[in-house]
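Visitor: Need the 3D shape of this:
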Amino acid sequence: MDRKGTSHTAMAAATHRAAHQILEHGRIFSDPLAVAILGVDRDDIERHARQTPSSRRMRLFISIRTRFAEDSLAAAYAQGVRQLVVLGAGLDTYAYRKSLPDGLRIFEVDHPATQAFKRERLAAAHIETPNALSYVPVDFERDACGERLSAAGFDPHVRTFVTWLGVVPYLTEPAIWGTLDYVAALPGGAEVVFDYSNPPDQLSPERRVEHDARAARVAELGEEWLSYFDTEALHEQLYRIGFQRLDDLGPYEIARRYLPDVAAPVSGAGGHIIHAATA
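Guide: As a prediction, this is how the structure comes out:
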């Protein structure tokens, strides 16, 4: 994280979402504001994506995790969720690009520098902020997220959906479990979607090479990957702290569900997207 500006990885994720709209025409995940909020020329986005074909896998993963999270949110809203907390919101556009479901209150939580940059970009792109949205500045490694949310008007007694995309690998385990403990203990009940990676030694040789190269790039930007999880151990701990339903998509499940024209990998190790819910 550049303390004077936005997160490099938040910008990268937003660029991948924008490139997906151009190269794959938003086939997996449609976001009409993805290009506008970046403030980057559409041709430049396309040119860069085509010059780095190795980025396609990450572009599709980021598009899929957003689609999965929003599909899960829609189902949860139908079952009574009325609060959405977007942890590490980055340049996410959910709150701005569609008519929001009636009665849904949204809290965007992010580092103050990234949040300030986003608000500048929204203003420059003439994208309006809905009345149902509150901005909550938080440093996950230093601040008590629950206290900041309460100060912003969050009601822990209302069933809540939490998205936490592209954040977990960059945090320490104490910070991760502190947040998940808080979500699991919400008295109104909660659901959370987040992504995580298996330890590098569980990856296939091909995936390990890709992982090591990507990890080196983000480390050079000052945003090192800090945490990995064994899937079985993660599930056990999530159940232990109070989650009762889990839907975990690894590389095999992701390919089968969202990429029918791509051969599903034999190994289930790699990047995962998980939906966990309390009773």
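Visitor: quick one, what contacts the nearest residue to His275 once chain neighbours are set aside?
Guide: Closest residue to His275 in three dimensions, ignoring its sequence neighbours and counting by C-beta to C-beta, 6 or more residues apart in numbering: Asp247, at 4.3 Å. In this view, the C-beta of every residue, glycine as well, is placed from N, C-alpha and C. When contacts are counted by C-beta atoms under 8 Å, 6 or more residues apart in numbering, Asp247 touches 72, 274-275.
Visitor: Tell me which of the residues you listed fall in strands.
Guide: 274-275 (DSSP state E).
Visitor: Just name the closest of the contacts of Asp247 to Ile37, please.
Guide: Nearest to Ile37 among those, counting by C-beta to C-beta, is Ser72 at 22.8 Å.
Visitor: And that closest one, how close does it get to Glu173?
Guide: 24 Å (C-beta to C-beta, to the nearest Å).
Visitor: Which one of those two is surrounded by more residues?
Guide: Neighbour comparison, Ser72 and Glu173: the larger count goes to Ser72, with 20 against 12 (by other C-beta atoms under 10 Å).
Visitor: got the contact list for that one?
Guide: When contacts are counted by C-beta under 8 Å, 6+ apart, Ser72 touches 161, 191, 193, 247, 275.
Visitor: 6 Å instead, please
Guide: By C-beta atoms under 6 Å, 6 or more residues apart in numbering, the residues touching Ser72 are 193, 275.
Visitor: just Arg17 next, same as before
Guide: Arg17 neighbours (C-beta under 6 Å, 6+ apart): 31, 34.
Visitor: Please identify which helix or strand holds it.
Guide: Taking DSSP states H and E as the criterion, Arg17 maps to helix 8-23.
Visitor: which element follows that helix toward the C-terminus?
Guide: Downstream of helix 8-23, the next assigned helix or strand under DSSP H and E is helix 34-38.
Visitor: Point out the other helices and strands that that next one packs with.
Guide: helix 8-23 (3 or more C-beta pairs under 6 Å, 6 or more residues apart in numbering; DSSP states H and E).
Visitor: list the buried ones in the helix it packs on?
Guide: Across helix 8-23, burial judged by 16 or more other C-beta atoms under 10 Å covers 8-23.
Visitor: again, but for stretch 127-137
Guide: Result for stretch 127-137 [16+ other C-beta under 10 Å]: buried residues 132-137.
Visitor: average pLDDT across that stretch?
Guide: For stretch 127-137, mean pLDDT rounds to 96.
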